[in-house]
Structure formats: C-alpha cells, structure tokens
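Participant: I'd like to go over a predicted model; first the sequence, then the structure.
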Amino acid sequence: MLVYTQRKHRILVAGDWNALKGYGEHGSPYWKERYRTIFDRFDAIGLPFAGPEAPNGRQADPWPEELPADSLCVPTYHIPQKNPATAERQLDFVFTSPSVKTQVTARNGEEDWGPSDHCRIEIETD
C-alpha cells in the first residue's frame, strides 16, 4: 500500500499525461470535463496538482485561441515538425503529496528544450 496515512505520505508523480488542464481541444466541453477527471482523481487520492504553471515557465506566445485567458499553463510539448518557440500545449504535469514541498518549473525556453518534443521539467523538493 502506497498511501496508508492521511497526511504523512511523500509521493511525487510526474509525466506526459496527454491531457490538457482547464480546457479541451478546440474549446470542446466534452474533453475539458474528461481531462478534469484526471486532476480530480489525483486530488481525491491525496496527490494534488503541483505544476508546472506560470510564472515557473514561459507561457505560449502568441496565445492559443483554445487556451482560456486566465490559464497558467506553460507549454511542455511542441509538434515535431515545429520548433520549441511555437509550443502551445502543456501535456506534462506533476502531482505530489501535500507534505512534499515542491517548486516545479518547466524548462521550456527555446534554448532549454533539448532534443525531445517535450521540454524538461525541473522538480525541486524539500
């Protein structure tokens, strides 16, 4: 059993979830709600969303039409035929136990990206 107490577990889960936070593709309400269940489920098992989000990473510029104006999403994925400067979507997320104090940063500046179509995620813990 990974989580056997309500408050003292120390778990960090990070990865490419192929999901969006706070919106659906092209404004789809169906996909928005479907993706929200991922974040709700992690929260329900004691692993709330920890990042990355602005200001800990570059936000999309120009701003994608489908992205809500108040979004804190930072792009972590770019289409392979394009370059990191054109990245628009965040597909990578970190969830942690509340007892794990974290600073999660998307290393998504054009010079930081590296060879992958996903940027690096820097996770600092206490």
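Facilitator: All right, it came through fine.
Participant: Quick check, central residue of the protein?
Facilitator: The structure's the chain has its C-alpha centroid closest to Phe93; by C-alpha atoms, centre = their mean the separation is 3.0 Å.
Participant: is it true that that residue lies in a strand?
Facilitator: Yes: secondary structure of Phe93, determined by DSSP: H, G, I helix; E, B strand; the rest coil: located in a strand.
Participant: pLDDT at it, what is it?
Facilitator: As predicted, Phe93 sits at a pLDDT of 96.
Participant: Nearest spatial neighbour of it, chain-adjacent residues omitted?
Facilitator: If the residues on either side of it in the chain are set aside, Phe93 comes closest to Trp17, at 5.5 Å by C-beta to C-beta, 6 or more residues apart in numbering. Just so you know, the C-beta spots here come from the backbone N, C-alpha and C atoms, and that holds for glycine as well.
Participant: Now the one you found: phi and psi?
Facilitator: Per-residue torsions, Trp17: phi -100, psi -10 (degrees, to the nearest 10).
Participant: what separates Val100 from Glu111, distance-wise?
Facilitator: The span separating Val100 from Glu111 equals 29 Å under the rule C-beta to C-beta, to the nearest Å.
Participant: Show me what the helix or strand of the chain with the lowest mean pLDDT is in contact with.
Facilitator: Taking all helices and strands of the chain together, the one with the lowest average confidence (mean pLDDT, DSSP states H and E) is strand 102-107, at a mean of 88. When contacts are taken as C-beta atoms under 8 Å, 6 or more residues apart in numbering, the neighbours of strand 102-107 outside the stretch itself are 12, 50-53, 56-58, 74-76, 90, 92, 94, 96, 113, 119-126.
Participant: ditto for stretch 54-67
Facilitator: Counting by C-beta under 8 Å, 6+ apart, stretch 54-67 makes contact with 23-27, 69, 72-76, 87-89, 103-109, all of which sit outside it.
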